[in-house]
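Undergrad: structure here, sequence nowhere to be found:
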């Protein structure tokens, strides 16, 4: 699973990297220690004109039918194998798919009672997490809140020693396919994304890092 990650590029840099048509006028601050419920950069496709938009979303998906923005269970990750079965996520699979950009993500190697943090990166540069999004508001007079979750899959062999789960990663040639709102997705579509993700995930590199304290480039440094 992915419970902490880093995203440090500016909105302009992310816009260029992901070939977006528009960048929303929202604050996008660099962070090397992003936690769930933080507002994070997200790439989506607009409904009618298929323009690619870079904006921000609250990292922890909240479905429209939820009574509160704070749920009793974690929703920052969604298991790809069951995402179309879970009421929280299945409403987003069809046409509310997104990309969450990341420089790296963190995972903890568990050996007995000892948990050692590691940093996972790609030699190709920026990571593109396959994600889902949903809009939520408290009542008809409240503002809408955009929320998102990262899809996860069974980790491929090269990194399975670190953790049994890993994010579903998108190659650049699959960005348009994943975001395309004209394509109504189902479980087979999600399974296809997982299959396409495996060659990308198999190229990931891992190094041990110090405990995640504070925020800054030092968090990515090998130890």
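TA: Everything's here; your move. These numbers come from a predicted model, not from an experiment.
Undergrad: how about stretch 29-44: buried residues?
TA: Residues 31, 32, 34, 36, 37, 38, 39, 40, 41, 42, 43, 44 are the ones in stretch 29-44 that count as buried (16 or more other Cβ atoms under 10 Å). In short, each C-beta sits where N, CA and C put it, glycine included.
Undergrad: quick check, residue 55 in a strand?
TA: Yes. Judged by DSSP: H, G, I helix; E, B strand; the rest coil, residue 55 forms part of a strand.
Undergrad: quick one: residues contacting it.
TA: Counting by Cβ atoms under 8 Å, 6 or more residues apart in numbering, residue 55 touches 23, 24, 26, 41, 42, 44, 146.
Undergrad: mind running it again at 6 Å?
TA: When contacts are counted by Cβ atoms under 6 Å, 6 or more residues apart in numbering, residue 55 touches 24, 26.
Undergrad: dig out what it forms beta bridges with.
TA: Beta bridges link residue 55 to residue 42, judged by DSSP bridges.
Undergrad: what does residue 59 give?
TA: When assigned by DSSP bridges, residue 59 has beta-bridge partners residue 148.
Undergrad: give me the distance between the spatially most central residue of the chain and residue 7.
TA: For the chain, the residue sitting closest to the mean C-alpha position, by Cα atoms, centre = their mean, is residue 150 at 3.7 Å. For residue 150, the distance to residue 7 equals 12 Å [Cβ to Cβ, to the nearest Å].
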